[in-house]
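>>> Dropping a prediction and its sequence here:
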Amino acid sequence: MHEFIKVHEKSLRGVLHGFDRVVFRGTLRSISYADGLGKYLNRYGIRLKDFDAWAQRCTRRLDQAIVRWAQRAKRPLVYLHASGIDKEARARMIAQEDGVTEGLVCVLTCVEPCYSAQIHRNRATKLLELQYVPRKCKFYYLYLMHPVFGWMYIRLQSWVPFDVQVGLNGRSYLQQRLDHAGIGYVKTDNCFPRIDDMPKAQAFMDELTALNWPTQLRQLLADLWPEKQEGILPEEPGRYYWSIRQSEVATDVMFTDPAALAAVYPRLCRHGIEGLRCEDVMRFFDKPPSRCGGQVTSSYQKLVQGVRLKHQLGSNWIKMYDKAKSVLRIETTINDPHRLRVFRGTLEKPEENPHWQAMAKAVADIQRRVAVSRQANERYLNALAPVGQATTVATELDPLSRPVTKEGKRCRGLRPVCPEDAHFLAAVLDGRHAIDGFTNGSLQELLYPEQPPDPAVARRRSNAVGRKIRLLRQHGLINKVGARRLYRVTASGCRAISLAMALRQQTTLMAIAA
């Protein structure tokens, strides 16, 4: 990200990282599968032939508690005849019409598909069996203006196993915190084109990651939950196991005015479609292509919010928007964290015997999830760094063609469009070096696929690559990382090399048309 900021720093107002949308899921794990629910029924002496009547009592108890809660708050309970109706839009319309600024906005109910329990008669054994199958039941959508989290919703399943879903928005939380702190801002839709105190705003966004989420989520459910009744579900909120169903972590680059973003955004989109390969997108998620096991799809679409560029890897993706005309948003969405890795022990004892393993959906990994998403956003911005302000080819490439003298040593000029130098520059800018940088050996693997026949050839190859590396350092295209023999491409180097590669790939017809 730092390379992108350097290129556009004169046109930027600030950068904001943090949650955009996060959806939590609460599960009563002991009854979320057939055997577990069967054991629960046996514990309380409930026979399978009485299951439907018992489940209806549980549903009626939850329904009565929600109706009482809505009546106390004097807010409407609305039944929707189709599950495809935009529930958030309906809730926001009700909030605007009634002038609701705090507390419960409304309760919406509708029938939707679910995964739930039912009794099945086994024809072979002539016995009743308990199964979890796809079916339909009534859901409750409770929309709130929370004093801490702002606009949010709670989705309750009215039939066994009574799953819960809680949806929050990090920008709504930030708005609440800015209002309480008296910090000025401009908010459009779901982003902030301007915030008067950016360091404080970033500190507020970081608070969400550090919260004790199981405690927070239990408190959200406590007001509407029915009193505990032995042998009747749902149980108290404290029995729920919380995981993250979906998370969106956004990096908002706030430009000073719409014209500054409009001048560069079309070129950013073109570079994202034409210049980023599948291997590059995989490495934004810190996944080497050899271990990825998936394919990348990219799409370009004009939406109401702005022009969107999306790169999808399995169930996870990275998107780029131009929001509110002056905000460049890079957003990483994680639905399947198992593709990613976390360094810890077990979920119960994370400090014992830590090791790298697949990330879990549990809220225990929320900090690692946010860190991976933010790193993906920053890598994406770095990949866009070569697309700077409008300039000419001569301005970028002419200085490279001239000899340079540093510390009394004269180095020849580069020939970035000629085959010999262009082949080496392409290896330096290869996407597999975007995260860890490159070494002499890693460049040799790209430049010389075959193994050297003898040690003398290996030495000649190493010396040749070493001379090219020194040449690029003299021209300022790469930097050495600390005292290690590791190198990374600079922002100016990335821009110049990308331009030279684009010139070599351009057809004569395109050049004449341009």
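Arrived safely, thanks for sending.

>>> mind listing the strands for the stretch 51-200 of the chain?
In the stretch 51-200 of the chain, the segments counted as strands under DSSP state E, counting those that start in this stretch are 77-79, 103-122, 127-146, 150-157, 164-169, 185-188, 191-195.

>>> same for the first one, what does it pack against?
Packed against strand 77-79, as judged by 3 or more Cβ pairs under 8 Å, 6 or more residues apart in numbering; DSSP states H and E, are the following elements: helix 51-73, strand 103-122. Yep, even glycine has a C-beta here, placed from its N, CA and C like the rest.

>>> Just the terminal-to-terminal distance for stretch 75-89.
Start-to-end span of stretch 75-89 (Cα to Cα, to the nearest Å) is 17 Å.

>>> picking that back up, turn the strands of the stretch 51-200 of the chain into JSON lines, columns for distance to Arg467.
As requested, those are arranged in JSON lines below (distance: least, Cβ to Cβ, whole Å):
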{"stretch": "strand 77-79", "distance to Arg467": "74"}
{"stretch": "strand 103-122", "distance to Arg467": "63"}
{"stretch": "strand 127-146", "distance to Arg467": "63"}
{"stretch": "strand 150-157", "distance to Arg467": "59"}
{"stretch": "strand 164-169", "distance to Arg467": "54"}
{"stretch": "strand 185-188", "distance to Arg467": "53"}
{"stretch": "strand 191-195", "distance to Arg467": "49"}
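
>>> Now Leu499, what are its backbone angles?
According to degrees, to the nearest 10, the main-chain angles of Leu499 amount to phi -60, psi -40.

>>> Nearest residue to Met198 in space, please, no chain neighbours.
Counting by Cβ to Cβ, 6 or more residues apart in numbering, Gly14 is the residue found nearest to Met198 once chain neighbours are left out, at 4.1 Å.

>>> Pick out the residue closest to the middle of this protein.
When Cα atoms, centre = their mean is applied to the chain, the residue found nearest the centroid is Thr332 (2.4 Å).

>>> which residue sits closest to it, ignoring its sequence neighbours?
Distance criterion Cβ to Cβ, 6+ apart; nearest residue to Thr332, sequence neighbours excluded, is Ser373 at 4.0 Å.

>>> number of nearby residues for the one you found?
Neighbours of Ser373 under the rule other Cβ atoms under 10 Å: 28.

>>> swap in the one 3 residues further on?
When neighbours are counted by other Cβ under 10 Å, Ala376 registers 27.

>>> that older thread, can I assume the residue nearest to Thr332 is in contact with Ile330?
No. In terms of Cβ atoms under 8 Å, Ser373 does not count as a neighbour of Ile330; the distance is 9.9 Å.

>>> re earlier: right, so of the strands of the stretch 51-200 of the chain, which gets closest to Arg43?
Among the strands of the stretch 51-200 of the chain, the nearest to Arg43 by Cβ to Cβ is strand 127-146 (13.9 Å).

>>> List the pairing partners of the closest one within its sheet, with orientation.
Based on DSSP bridges, the strands next to strand 127-146 in the sheet, each with its direction, are strand 103-122 (antiparallel), strand 150-157 (antiparallel).

>>> and Ala362, what are its phi and psi?
Here is the backbone geometry of Ala362 (degrees, to the nearest 10): phi -60, psi 150.

>>> Would you state the predicted confidence (pLDDT) at it?
What the model reports as pLDDT for Ala362 is 93.

>>> tally of neighbours for it?
For Ala362, the tally of surrounding residues (other Cβ under 10 Å) stands at 16.

>>> ok, now how distant is it from Asn335?
15 Å (Cβ to Cβ, to the nearest Å).

>>> which parts of the helix or strand hosting Val370 are buried?
Following DSSP states H and E, one finds Val370 within helix 366-384. Applying a neighbour-count criterion of 16 or more other Cβ atoms under 10 Å, one finds 366, 368-370, 372-384 buried in helix 366-384.

>>> can you check stretch 4-16 too?
Under the neighbour-count criterion of 16+ other Cβ under 10 Å, stretch 4-16 has Phe4, Ile5, Val7, His8, Ser11, Leu12, Arg13, Gly14, Val15, Leu16 buried.

>>> Export those residues to JSON lines and append columns for distance to Ala65, pLDDT and secondary structure.
Formatted as JSON lines, the entries for those read as follows, by distance: Cβ to Cβ, whole Å; pLDDT from 0 to 100; DSSP: H, G, I helix; E, B strand; the rest coil:
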{"residue": "Phe4", "distance to Ala65": "51", "pLDDT": "83", "secondary structure": "helix"}
{"residue": "Ile5", "distance to Ala65": "51", "pLDDT": "83", "secondary structure": "helix"}
{"residue": "Val7", "distance to Ala65": "56", "pLDDT": "79", "secondary structure": "helix"}
{"residue": "His8", "distance to Ala65": "53", "pLDDT": "82", "secondary structure": "helix"}
{"residue": "Ser11", "distance to Ala65": "54", "pLDDT": "87", "secondary structure": "helix"}
{"residue": "Leu12", "distance to Ala65": "50", "pLDDT": "90", "secondary structure": "strand"}
{"residue": "Arg13", "distance to Ala65": "47", "pLDDT": "90", "secondary structure": "strand"}
{"residue": "Gly14", "distance to Ala65": "45", "pLDDT": "91", "secondary structure": "strand"}
{"residue": "Val15", "distance to Ala65": "44", "pLDDT": "94", "secondary structure": "strand"}
{"residue": "Leu16", "distance to Ala65": "39", "pLDDT": "94", "secondary structure": "strand"}
